[in-house]
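Peer 1: Need a 3D model of the sequence below.
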Amino acid sequence: MSEVASSSAPRTRRLPIFLLPIVFALGLLSLAAAILAPIPRSSQPPSTTNPDSSATTTPAVPEFRLMERSGQMLSRDDLLGKVWVASFVFTHCTGPCPSVTGTMARLQADLKLAERPNLRLVTFTVDPDRDDPAALKKYAENFRADPTHWLFLTGEEEQIHKLLHDGFGIHAARSANPTPPAGQEFDHSTRLALVDKNGHIRGYYDGFTGEHDADGANFRASYDRLVAAVDALLQE
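Peer 2: Residues are numbered from 1 along each chain as shown. Model prediction:
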């Protein structure tokens, strides 16, 4: 029995002594190559930070000074320390503007705007030549806008369009149609912009149910995210 077991057991082969220095040297070369080799870079673009999550990676609203419907001047600094939601419309609009302003009116109710001193809604007109303080006041009253917490701003057209384009990343321009129908003189974004207490833009949200959102599911999801984001920013 012992002879059979001994003959069937595997035998270990030892390297000749003269090969050991060669094997050792090859091991050192492999280790050095691994250390010095460049780290492979992913072909995927670097991930971007969610604008809802960090003010340090999102753009700040530039300085501005515009007239509110009350006739008082309002600047960016006046809004520091407050969370605010911005919309971009014009009072003669026969397109989506009434729906966008309706969404702001819904936010006014759902967010209990009057009870939150550090929260504002801010509507910028893209047609300031016609939307003077008196026109904005009448428009605001039609939506029962809180005169203290929901602000409507006007100024010079070039100034406002530059602010929206360069500051908010929002499209706003006169229609490319040389003879546009009444109420369609301006092309502009219908998104809402959320701004934190430090004046940084933290996200964009749907202003109304668009034509590609027949059942309104996308708009409802966006609206819910906006309400939640406002509540979160107020706690910061």
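
Peer 1: which residue ranges form the strands in the protein?
Peer 2: Taking DSSP state E to define them, one finds strands in the chain at 65-68, 73-75, 83-89, 119-125, 150-154, 172-174, 186-188, 192-195, 201-205.

Peer 1: Let me know the pLDDT of the residue nearest to the spatial centre of the chain.
Peer 2: In the chain, the C-alpha closest to the average C-alpha coordinate belongs to Gly203, at a distance of 2.2 Å (Cα atoms, centre = their mean). At Gly203, the model reports a pLDDT of 96.

Peer 1: Repeat that for Thr58.
Peer 2: Per-residue confidence (pLDDT) for Thr58: 79.

Peer 1: same check, this time on Leu163
Peer 2: On pLDDT, Leu163 comes in at 96.

Peer 1: That one: neighbour count?
Peer 2: Burial of Leu163 is recorded as 21 neighbouring residues (other Cβ atoms under 10 Å). Where C-beta positions appear, they are placed from N, C-alpha and C, glycine not excepted.

Peer 1: Same question for Gly199.
Peer 2: By other Cβ under 10 Å, the residues close to Gly199 number 19.

Peer 1: Surely it is in contact with Arg76?
Peer 2: Yes - using Cβ atoms under 8 Å, Gly199 is in contact with Arg76, at 6.0 Å.

Peer 1: Identify the contacts common to these two.
Peer 2: Val61 (Cβ atoms under 8 Å, 6 or more residues apart in numbering).

Peer 1: Can you give me the distance of the residue nearest to the centre of the chain to Ala172?
Peer 2: When distance is defined by Cβ to Cβ, to the nearest Å, Gly203 is 19 Å away from Ala172.

Peer 1: and what of Glu185?
Peer 2: Between Glu185 and Ala172 the distance is 12 Å, computed by Cβ to Cβ.

Peer 1: out of the two, which sits in the busier spot?
Peer 2: The residue with more neighbours, out of Glu185 and Ala172 and counting by other Cβ under 10 Å, is Ala172; that gives 22 against 19.

Peer 1: Tell me what that one is bridged to.
Peer 2: His188 (DSSP bridges).

Peer 1: hmm, which helix or strand of this protein has the shakiest average pLDDT?
Peer 2: Counting by mean pLDDT, DSSP states H and E, the weakest-scoring helix or strand in the chain turns out to be helix 2-8, with a mean of 38.

Peer 1: Around the closest residue to Pro128 other than its chain neighbours, count how many other residues there are.
Peer 2: Excluding its sequence neighbours, the residue lying closest to Pro128 (Cβ to Cβ, 6 or more residues apart in numbering) is Thr154, at 4.4 Å. By the criterion of other Cβ under 10 Å, Thr154 has 25 neighbours.

Peer 1: Can you give me every residue that contacts the closest residue in space to Ala173 that isn't next to it in sequence?
Peer 2: Setting aside the residues directly before and after it, Ala173 is nearest to Asp187 in space (Cβ to Cβ, 6+ apart), at 5.6 Å. For Asp187, the contacting residues are 171-176, taking Cβ under 8 Å, 6+ apart as the criterion.

Peer 1: wait, which of those residues is closest to Lys82?
Peer 2: Within the contacts of Asp187, the smallest distance to Lys82 is 23.2 Å, found for Ala172 (Cβ to Cβ).

Peer 1: where do the helices sit along the protein?
Peer 2: Read by DSSP state H, the chain holds these helices, from start to end of the chain: 2-8, 20-36, 97-110, 133-142, 157-162, 217-234.
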